[in-house]
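Asker: predicted model and sequence below, questions to follow.
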Amino acid sequence: MASSAASNPRHIAIVMDGNGRWARKRLMPRGMGHKAGVDALVKVVQACADRNVEFLTVFAFSSENWKRPEEEVSGLMSLLLVALSKHLVRLSADGVRIRIAGDLAHVSPKVRDALLDAEQKTAHNSRLTLTVAFNYGGRWDIVQACQKALREGVAPEALDEATLARHMAMAYAPDPDLLIRTGGEVRISNFLLWQCAYAELVFSDCLWPDFDAAQLDACIADYRRRERRFGDVGADPAEPLAS
Ligand code: IPE
Ligand code: IPE
Ligand code: MG
């Protein structure tokens, strides 16, 4: 692919981090931060749809988040159920298609059913695809893609990048153009390891519950200033380097 100035991102991925610190700053339990995080997410989904972003992928629960205290984990599972029952109808009316990426074989049947129900009820929508990464890990995704390919009988020498890409959890979406992480940490935390090979990374100190349309615009503006080279030379390779 040739190098190009970044235009509007088609696919934005977000590590929604900082809920716990947001709550702690307010002397509230961490669960209140997660609750405020859901409200931020609903607004950001709307903002992305308004900006003609086609795919938004959010990290909601990682394969490593099971390490958290049992009370927080069960609180997050309940919050997911509440959030879906509260927001699903509105999101669907706004043309949002919900898809899930993650290992649903190891979540409770109640949570699994709610997630699959959300996928099914919004399957006809096409304005914005919101992928909720739930019990997701980038390493899990690569392993499950290999397993699927092997089960299909793909020979080792036929296992190339395109074959693996077809089996990744988000095979329906182009790779993310822009990966945003809120909360000030500068790491990927096992999010979309395969898919973000060439994503532009933007790290924001904003804690996720405070993230809004203005913050999103600032991240997109940062993205638009980048030159995406994909390994090619820059826009004007003949230009001598400044000494
Ligand atoms: C991200 O916020 C939400 C999830 C991981 C579910 P955190 O809960 O990690 O918030 P901090 O990083 O502790 O502030
Ligand atoms: C990443 O945040 C996972 C989600 C936002 C769901 P974490 O808070 O779990 O990441 P680490 O532990 O700081 O790397
Ligand atoms: Mg965190």
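Answerer: The structure has been received and is ready for your questions. Ligands and ions are numbered 1, 2, ... in the order given.
Asker: strands of the protein, residue ranges please.
Answerer: All strands of the chain, identified by DSSP state E, fall at 4-5, 11-15, 55-62, 96-101, 128-136, 178-181, 200-203, 227-228.
Asker: could you export the ones you listed as JSON lines, including mean pLDDT, distance to Pro109 and mean neighbour count?
Answerer: (Each C-beta comes from the backbone N, C-alpha and C, glycine too.) Converted to JSON lines, the strands of the chain look like this (pLDDT from 0 to 100; distance: least, C-beta to C-beta, whole Å; neighbours: other C-beta atoms under 10 Å):
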{"stretch": "strand 4-5", "mean pLDDT": "58", "distance to Pro109": "46", "mean neighbour count": "11"}
{"stretch": "strand 11-15", "mean pLDDT": "99", "distance to Pro109": "28", "mean neighbour count": "25"}
{"stretch": "strand 55-62", "mean pLDDT": "98", "distance to Pro109": "16", "mean neighbour count": "24"}
{"stretch": "strand 96-101", "mean pLDDT": "98", "distance to Pro109": "14", "mean neighbour count": "22"}
{"stretch": "strand 128-136", "mean pLDDT": "98", "distance to Pro109": "14", "mean neighbour count": "24"}
{"stretch": "strand 178-181", "mean pLDDT": "98", "distance to Pro109": "32", "mean neighbour count": "26"}
{"stretch": "strand 200-203", "mean pLDDT": "98", "distance to Pro109": "36", "mean neighbour count": "18"}
{"stretch": "strand 227-228", "mean pLDDT": "94", "distance to Pro109": "43", "mean neighbour count": "14"}
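Asker: which one is Arg112 nearest to, not counting chain neighbours?
Answerer: Leu104 (4.8 Å; C-beta to C-beta, 6 or more residues apart in numbering).
Asker: what sits against the one you found?
Answerer: Going by C-beta atoms under 8 Å, 6 or more residues apart in numbering, Leu104 touches Arg112, Leu115, Leu116, Phe134, Asn135.
Asker: quick one on the thing from earlier: distance to Leu79 added to the strands of the chain, as TSV?
Answerer: Below are the strands of the chain laid out as TSV (distance: least, C-beta to C-beta, whole Å):
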stretch	distance to Leu79
strand 4-5	40
strand 11-15	17
strand 55-62	10
strand 96-101	16
strand 128-136	12
strand 178-181	21
strand 200-203	25
strand 227-228	36
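Asker: for Ser62, see how far away the residue of the chain with the smallest separation from ligand 2 is.
Answerer: Residue nearest to ligand 2 within the chain: Ser189 (3.6 Å; C-beta to the nearest ligand atom). For Ser189, the distance to Ser62 (C-beta to C-beta, to the nearest Å) stands at 6 Å.
Asker: again with Asp210
Answerer: In terms of C-beta to C-beta, Asp210 sits 21 Å off from Ser62.
Asker: and for Val202?
Answerer: Applying C-beta to C-beta to Val202 and Ser62 gives a distance of 19 Å.
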